[in-house]
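Chemist: sequence plus the predicted model coming up.
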Amino acid sequence: MSASGGGGGNRSGGGFASSASGGARPQTAEIIKTFGQRCPQVIINNLPQMVDYVVELDHEGGKSFLAHKDKVAVFVRTNGDSIFSESTLSVGGSVQDSCKAILAHWSAHATELKSAAAAAAAVAAAPAAPIVVQTAAAPAVAQGVSVEASVPNCDIEVDDEFVGNTPSVVTLKPGKHKIVVKKKGFEDWSRNITYSGGTVRLNADMTAK
């Protein structure tokens, strides 16, 4: 569990914070209390992401009070480096030694730790980059007059000009037009239309001669 406390997030002046954790509630509470008594320079915080150092207590249960040992270790939160560890019969002694290790490391690396904390805070506060989603463009729909016929490969004439064979889409300018569909052996099929845009469909029903 994380130790209860506060103020670790506000690194004003030369202050710094530590988080304590352990496997048994009485021992964890004891190490928090002892830190407050023997290492007042350290602020205990229950938010591990807000501290500079993490103190872990591994309590050996199932033994008599005089026989058990506690293993204590101190880590730098930003990189996980271990700066102190020992096995002890005395929580007070382990806290005192942990405090000395923290103070010595802070004296040598305070600027580095403050810079790392500031950089992490800046990254967390930076707005997320917008996500740009590109969708495939819809396939273009040919506009004009779609001419089909009941007989394949008929000639298409627009205003007496050959423009292709059925089936085809003929592009026209807006206005009046005459469309004729021809094929040898069949009657000519024709329509007069006024084209104003969009797609118009014509289906020529060819009649044999």
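Modeler: Structure received.

Chemist: how's this structure carved up into domains?
Modeler: Taking automatic domain parsing as the reference, the chain has its domains at 16-118, 144-204.

Chemist: now those in TSV, with mean neighbour count?
Modeler: C-beta: built from backbone N, CA, C; applies to glycine. Shown next, in TSV, are the domains of the chain (neighbours: other Cβ atoms under 10 Å):
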stretch	mean neighbour count
domain 16-118	17
domain 144-204	15
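
Chemist: would you single out the least confident of the ones you listed?
Modeler: Of all those, the minimum mean pLDDT falls on domain 16-118 (a mean of 74).

Chemist: that one: how far from the chain's middle?
Modeler: Averaging C-alpha positions (Cα atoms, centre = their mean, to the nearest Å) puts domain 16-118 34 Å from its chain's average.

Chemist: and the domains of the chain as JSON lines, adding distance to residue 130?
Modeler: What follows is the domains of the chain, written out as JSON lines (distance: least, Cβ to Cβ, whole Å):
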{"stretch": "domain 16-118", "distance to residue 130": "25"}
{"stretch": "domain 144-204", "distance to residue 130": "37"}
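
Chemist: residue boundaries of the strands in this protein?
Modeler: Along the chain, counting by DSSP state E, strands occupy 16-22, 42-44, 53-59, 70-76, 82-88, 144-149, 155-158, 161-165, 168-170, 175-182, 189-195, 199-204.

Chemist: neighbouring strands - and their directions - for the longest one?
Modeler: Looking at strand 175-182 with DSSP bridges, its partner strands are strand 155-158 (antiparallel), strand 189-195 (antiparallel).

Chemist: re earlier: distance to residue 32 added to the strands of the chain, as TSV?
Modeler: Shown next, in TSV, are the strands of the chain (distance: least, Cβ to Cβ, whole Å):
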stretch	distance to residue 32
strand 16-22	6
strand 42-44	6
strand 53-59	9
strand 70-76	13
strand 82-88	16
strand 144-149	82
strand 155-158	91
strand 161-165	89
strand 168-170	81
strand 175-182	90
strand 189-195	86
strand 199-204	78
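
Chemist: among those, which is nearest residue 101?
Modeler: The closest of the strands of the chain to residue 101 is strand 82-88. By Cβ to Cβ, the value is 3.5 Å.
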